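In: Next comes the sequence, and after it the predicted model I'd like to discuss.
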Amino acid sequence: MIYVDNVTKEFKKVVKESGLKGSISSLFCRTYQTVRAVDDISFHVPKGEILGFIGANGAGKSTTIKMLTGILTPTSGKVKINGQVPYKNRKKYVQEIGVVFGQRTQLWWDLPLTETFSVLQQIYQVEEQEFQKRMAFLNQVLELEEFIKSPVRTLSLGQRMRADLAASMIHNPKVLFLDEPTIGLDVAVKNNIRKAITEINQQEQTTIILTTHDLNDIESLCKRIVMIDKGKIMYDGSLTEMKSKFGKYREVNFSLEQEAEFEKLSFAADFQVEKEDIKVNRSKEKITVTFHAGKISVQSMLSYLLKRVQIKDISVNDVNIEEIVCRMYGKEVTGA
């Protein structure tokens, strides 16, 4: 469904000296610097897949999405979605895609939601019978009935996000781009949005590209992820494979009967491992030890703790996906 082959996107920016002299000089003789936002990336997405597309701010993620939606034209390389080139004949192309931006809305602020959907029906030229069928499906999946007659300006953030998702699906797009669809939502609403996306994908076989900084969205919805950094793809594969390859860490969470006993623990020295192989975070009530399971077994860690200190409570977990992604970027994760 989606083919991205050796795509590069470059921008030119003006470079000027600081101060008044630099400002005047740039008016008459401008110096440009070429910035490569996306650097020769390739990936393919089959029909019906939900692909997690992740990256840090400035990694090239948004630029890539803009090329896929036809807003930007690649400097070089090829993009083809459902047999069409996005930046050519855009009017025809946009009839086959849906886009949801978590921080923007395509809804009319003062119109009741029903009228907004009717306007979109006319824009996308959806026949009445098909429109009623789509609305019945979207009402069922997204539970729109309770607020569908309300003006958009009166909706809560969670209601607006469900309405935006419905608006993007009215014309039954073959490809759906979701940019931060759960941003700012509480846990319960996030779960409802995720269930709705899953149901839409399963029933409609809609191909979905999901970009988000909430890695719980990725873990809940995607089997495959593409990770981009500094314009280049640094990982393309399954979530399971990534956990197996980069997630060789385990996490022990415990609390002590007496906090002063923490001084008896010296993990790196006692296990004779490098500092990057073990990390300790301590809060008032909980201590979290993240360690490389290939160098320190879970059994050894538990035995060490039980012999040294009086444990009040203890649990062992796999590290979460946020920890894995931060390690791949070579960054430390803060907090317990």
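Out: All right, it came through fine. Residues are numbered from 1 along each chain as shown.

In: quick one: residue 278 and residue 300, what's the gap?
Out: Distance, residue 278 to residue 300, using CB to CB, to the nearest Å: 12 Å. Using the backbone N, CA and C atoms, a C-beta is placed for each residue, glycine as well.

In: all helices for the stretch 151-300 of the chain, in order.
Out: For the stretch 151-300 of the chain, applying DSSP state H, counting those that start in this stretch gives helices covering 157-169, 187-204, 215-221, 239-246, 267-271, 298-308.

In: Lowest mean pLDDT across those, which one is that?
Out: Ranked by mean pLDDT, these bottom out at helix 239-246, with a mean of 76.

In: list residues touching both of residue 278 and residue 300?
Out: Shared contacts of residue 278 and residue 300 (CB atoms under 8 Å, 6 or more residues apart in numbering): residue 271.

In: Looking at those two, which has the bigger crowd around it?
Out: Per other CB atoms under 10 Å, whichever of residue 278 and residue 300 has more neighbours is residue 278, with 19 against 12.

In: what bridges to that one?
Out: Under DSSP bridges, the beta-bridge partners of residue 278 are residue 291.

In: looking at it, it is touching residue 271, isn't it?
Out: Yes: contact criterion CB atoms under 8 Å: residue 278 and residue 271 qualify, at 6.8 Å.

In: Now for the two: what residues contact both?
Out: In contact with both residue 278 and residue 271: 291, 296, using CB under 8 Å, 6+ apart.

In: Packed most tightly, which of the helices of the stretch 151-300 of the chain would that be?
Out: helix 157-169 (a mean of 21; mean count of other CB atoms under 10 Å).

In: Could you figure out how far that helix is turned away from helix 187-204?
Out: Angle of helix 157-169 versus helix 187-204, following axes from the mean of the first three to the mean of the last three CA atoms, to 10 degrees, is 20 degrees.

In: Show me what helix 157-169 is packed against.
Out: strand 97-101, helix 113-124, helix 128-142, helix 187-204 (3 or more CB pairs under 8 Å, 6 or more residues apart in numbering; DSSP states H and E).

In: Of these, which is nearest residue 150?
Out: Minimum separation from residue 150 across the helices and strands packed on helix 157-169 (CB to CB) falls at helix 113-124, 6.3 Å.

In: remind me which residues of the chain are low pLDDT?
Out: 22, 26, 246-247, 319-323, 327-336 (pLDDT under 70).

In: How is it partitioned into domains?
Out: Following automatic domain parsing, the chain resolves into domains at 2-6+40-243, 248-318.

In: most tightly surrounded among these?
Out: domain 2-6+40-243 (a mean of 17).

In: Quick one: end-to-end distance for it.
Out: 25 Å (CA to CA, to the nearest Å).

In: got it, and stretch 176-188?
Out: End-to-end distance (CA to CA), stretch 176-188: 23 Å.

In: any idea how far that stretch is from the chain center?
Out: 9 Å (CA atoms, centre = their mean, to the nearest Å).

In: No more questions from me, cheers.
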